[in-house]
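**Q** based on what follows, work out the 3D shape:
(chains A and B)
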Amino acid sequence: MDIIKLIGVVIVVIGFALKFDTIATVVIAGIVTGLVAGMTPMEILTTLGTSFVSQRTATLFVLTLPAIGICERFGLKEKAIDFIRSIKNATTGRVILIYQAIRTLAAAFSVRLGGHPQFVRPVVVPMAEGAAAARGVEVTDEVADVIRGASAASENYGNFFAQNCFMGASGTLLIVSTLVEAGYDVTAAQIAGWSIPIAVISVIVGAVRAILLDKKLGERSAE
Amino acid sequence: MNFGQILAEIFYTLIGIIFILVGVKALKDPGAQKKGTTAAFWFLLAFTFICGNWIPKWIVGVAILAMAALTGIKGVVQSASDVPDPAVVRERADKFGYKIFIPALSLAFSAVVLATLGSKVPALKWITANNSICLAGIIALIVVLCMTKAEPKYAVIDGTRLMDNVGPTGILPQLLSALGSLFTAAGVGTVIANGVAKVVPEGNKLIACAVYCIAMALFTIIMGNGFAAFSVITIGIGVPFLIAQGANPIVVGALGLTAGYCGTLCTPMAANFNIMPAALLEVKNKYAIIKSQVPVALCMLLIHIVLMYFFAF
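**A** The predicted structure follows:
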């Protein structure tokens, strides 16, 4: 019964789905898998330890934190907010698209902008709703949900699809260490390079989305 | 050991010192809860980074079990940090202007330049891709300290502040690749591969790309975590059905993880991206963000499959 070896995968799925502690879940999944596969406890500990030590590369991002932290102390986020606030006369879709583009660039350079609480709520949403109102669209609850949903989404697109363009991003390092562990010699620079096409495409898709949103709002103002 | 490896150990020791300082910060914080267990976690982690290379590996395995037990009992919490005062930050932002982006950009820029030099110039072979990330972190730190004239102690204060913000889940990628190697040793990849082989016609590259990308997205939807999905699905499907069939591992890996993120966009399981912000933005429908993201996610997933098919082979 080889299928019993999948119990580790099941443990990870259930553990994550039920929001158990992620680290404990992963370690338990590994140990149980090793045991059902007939490994001795000593073999399991050695395999786990060897791989953990050789994959310390996946945690190299720590050495980038001091520089980023001091940049924040000297107004990095504030200047990013100033920049987007300086945009005048943009439509709702364009405000959201410009934010997505900025967020994409920031993620690719590992600049932390603060995401939903520090950027989307205080800056993007008021500007996007203001732009809709300026075009004569009545911002009902329903319209606000659409605009706010799209604003929050632009943060996620930029964050997810561009973060791996930075060599020191934890996702990039995870890809490298997983493939190296599987016996394929890849480097962070190569993975970062091949992450660029998707980052660019995500902004193009975002642009289409923005045009559709503006069109939808335009129909409302005509009503 | 060559010079590149020695340098890497020095960097791991530096990272270990940052972990120790996060633990010390918890011990020194008068208001902190669970000081002992929090500090124990960070000290154990520091031990695996600083000593890991030099000791029998089963000891590291035991340390991992102990760390998992500490986070499992919810014994690891954040302690108070020296958070910059918003008014002071605003004043500095006005004084420095957009120049503050220079050190931030120098981080990514110098990493790329160093990695390129290391791979092209034989005398600089010791600048491996990994070492260039660490060196870039140090270069950016020097640039920001010179430009802002901040006291060097802020390197420690802000480094530990951000590390504490990231918290124990910061080691998740590293732990997941260790899980991946355990899965490989136990033969999990083979079992998944055999199962998938019954469904996927052999040798059809387009279907193999589609199965891998869709499986990445689906597993991420279920688990809410693209990282965990990546280690399982890449070993079970990506390696046997794509890379072993001649696909470029770089393309498969890079596109694989972002294919998983298409799933993140669709799932309430990724609450901190999709549900909590909905509450924060005071939308009426708590699924408004997911609703906005699903069409884009499907479109991006399709693009991933097509790109992988054309560029991996």
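
**Q** C-alpha from now on. contacts and neighbour counts both.
**A** OK.

**Q** to what extent is the closest residue to A:Leu35 other than its chain neighbours buried, counted in neighbours?
**A** Excluding its sequence neighbours, the residue lying closest to A:Leu35 (Cα to Cα, 6 or more residues apart in numbering or on different chains) is A:Pro41, at 7.3 Å. Using other Cα atoms under 10 Å in any protein chain shown, A:Pro41 has 13 other residues around it.

**Q** for A:Pro41, report the pLDDT, please.
**A** pLDDT, A:Pro41: 96.

**Q** verify the stated contact: it with A:Gly30.
**A** No. A:Pro41 is beyond contact range of A:Gly30, at 11.3 Å (criterion: Cα atoms under 8 Å).

**Q** any idea which helix or strand carries residue 210?
**A** With no chain named, the answer covers chain A. Using DSSP states H and E, A:Ala210 sits within helix A:196-222.

**Q** switch to chain B, that's the one I care about
**A** Going by DSSP H and E, B:Ala210 is in helix B:205-223.

**Q** mind listing what's buried along that helix?
**A** B:205, B:207-223 (16 or more other Cα atoms under 10 Å in any protein chain shown).

**Q** same for that helix, what does it pack against?
**A** helix A:7-17, helix B:226-233, helix B:249-264, helix B:288-312 (3 or more Cα pairs under 8 Å, 6 or more residues apart in numbering or on different chains; DSSP states H and E).

**Q** report the contact partners of A:Ala108.
**A** A:Ala162, A:Gln163, A:Asn164, A:Cys165, A:Phe166 (Cα atoms under 8 Å, 6 or more residues apart in numbering or on different chains).

**Q** neighbours of the fourth one, just the number please.
**A** This means A:Cys165. Neighbours around A:Cys165, by other Cα under 10 Å: 30.

**Q** quick one: pLDDT of the residue lying closest to it once chain neighbours are set aside?
**A** Once flanking residues are discounted, A:Cys165 sits nearest to A:Ala192: 4.3 Å by Cα to Cα, 6+ apart. The model reports A:Ala192 with a pLDDT of 97.

**Q** which strands and helices sit next to the one helix or strand A:Ala192 maps to?
**A** Per DSSP H and E, A:Ala192 falls inside helix A:188-194. When contacts are defined as 3+ Cα pairs under 8 Å, 6+ apart, helix A:188-194 sits against helix A:170-181, helix B:129-148, helix B:249-264.

**Q** list phi and psi for B:Gln33.
**A** phi -90, psi 160 (degrees, to the nearest 10).

**Q** which residues touch it?
**A** So B:Gln33 contacts B:Val77, B:Ser79 (Cα under 8 Å, 6+ apart).

**Q** pull up the distance across stretch B:73-90, start to finish.
**A** For stretch B:73-90, the separation between the terminal residues is 40 Å (Cα to Cα, to the nearest Å).

**Q** that stretch near chain A anywhere?
**A** Yes. Stretch B:73-90 is in contact with chain A by Cα under 8 Å from any Cα of the partner chain, via B:Lys74, B:Pro84, B:Val89, B:Arg90.

**Q** I figured the second one was touching A:Gly75, is that so?
**A** To tie it back to what came earlier, the one meant is B:Pro84. No. Between B:Pro84 and A:Gly75 there is no contact under Cα under 8 Å: 9.9 Å.
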